[in-house]
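[1] What shape does this take:
(one chain, ligands or ions: 2)
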Amino acid sequence: MNSKLIAPSILAADFGNLQRDVEMVNNSDADWFHIDVMDGHFVPNISYGMPVIQAIKKHATKPLDVHLMIEKPERYIEEFVKVGANIITVHYESTVHLHRTLTQIENAGCKAGVVLNLTTPVSVLEDILPKCFMVLLMSINPGFGGQKFEDITYNRVKKLRKMVDERGLNTRIEIDGGVTNKNIKALVEAGADTFVAGSYIFKSENQTATIKDLRALANS
Ligand code: DX5
Ligand code: ZN
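    Residues are numbered from 1 along each chain as shown. Ligands and ions are numbered 1, 2, ... in the order given. Modelled structure (predicted):
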């Protein structure tokens, strides 16, 4: 059984006070920084790229989990590694030669993972699973923070958990979108072990306490 990890999503941070928010995560019970890169093509929104990741890396004391929501991510893997990515996940729907892209990530010195959009069947992972450090299941349509968690996710997690266990793998199962104190425990019960949370953490009054609570709930 993998340990449960919390990855606050920097997309919901205050960009005018980025160093402050990075330090908040450093000094909290969080495990990773989740960093969403959006290109305005793969998803209908544009977020940030290498210079901002480099600025985060300068202050971060925890691994950077970089979620690429961009078309043809293979064009930029080495650059994301250079600015400090530790884990890179690419969407199944964004790259034609998935196996090659994961190998590229590994060769660049990073842990590699695959992301599935909300309704891409988990069965497409069958052959790539042994190569995945992690699978990220979107629990919203990607592109924006603050959306409502979609309940179809529970069944998808259960199916993926079965696939991982049947193969004797220890692939992490990460959930991204609308994660709160209301659904994290049920997600753990379904088989997930890694949780992204953006607005739920950054919009709360006491962010470190919110992270602590999420972690405690995931481990209860
Ligand atoms: C959306 C991003 C998420 C987002 C989650 O496409 O992948 O990481 O920041 O934000 P919340 O937790 O607010 O749904
Ligand atoms: Zn994300």
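[2] okay, M1: pLDDT?
    Looking at M1, its pLDDT is 81.
[3] elements contacting whatever helix or strand I175 lives in?
    Using DSSP states H and E, I175 maps to strand 172-176. Where contact means 3 or more C-beta pairs under 8 Å, 6 or more residues apart in numbering; DSSP states H and E, strand 172-176 is packed against strand 111-116, strand 134-138, helix 152-166, strand 194-197. Just so you know, the C-beta spots here come from the backbone N, C-alpha and C atoms, and that holds for glycine as well.
[4] is any part of it close to ligand 2?
    Yes. Judged by C-beta under 5 Å from the ion, strand 172-176 and ligand 2 are in contact via D176.
[5] angle of that strand against strand 134-138?
    Counting by axes from the mean of the first three to the mean of the last three C-alpha atoms, to 10 degrees, strand 172-176 lies at 20 degrees to strand 134-138.
[6] so what's the backbone phi/psi at S9?
    Torsion angles at S9 (phi, psi; degrees, to the nearest 10) stand at phi -90, psi 120.
[7] Can you tell me the number of residues neighbouring it?
    23 (other C-beta atoms under 10 Å).
[8] can you list the helices and strands packed on strand 172-176 in TSV and add mean neighbour count?
    TSV is the format used below for the helices and strands packed on strand 172-176 (neighbours: other C-beta atoms under 10 Å):
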stretch	mean neighbour count
strand 111-116	22
strand 134-138	24
helix 152-166	17
strand 194-197	27
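[9] export these to a markdown table and tack on distance to I173?
    Output for the helices and strands packed on strand 172-176, formatted as a markdown table (distance: least, C-beta to C-beta, whole Å):
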| stretch | distance to I173 |
| --- | --- |
| strand 111-116 | 10 |
| strand 134-138 | 6 |
| helix 152-166 | 6 |
| strand 194-197 | 7 |
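[10] follow-up on the earlier one: distance between the strand holding I175 and the chain's centre?
    The chain centroid and the centroid of strand 172-176 are separated by 6 Å under C-alpha atoms, centre = their mean, to the nearest Å.
[11] Make CSV from the helices and strands packed on strand 172-176 and add mean pLDDT and distance to ligand 2 to it.
    Shown next, in CSV, are the helices and strands packed on strand 172-176 (pLDDT from 0 to 100; distance: least, C-beta to the ion, whole Å):
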stretch, mean pLDDT, distance to ligand 2
strand 111-116, 99, 8
strand 134-138, 99, 7
helix 152-166, 98, 14
strand 194-197, 98, 5
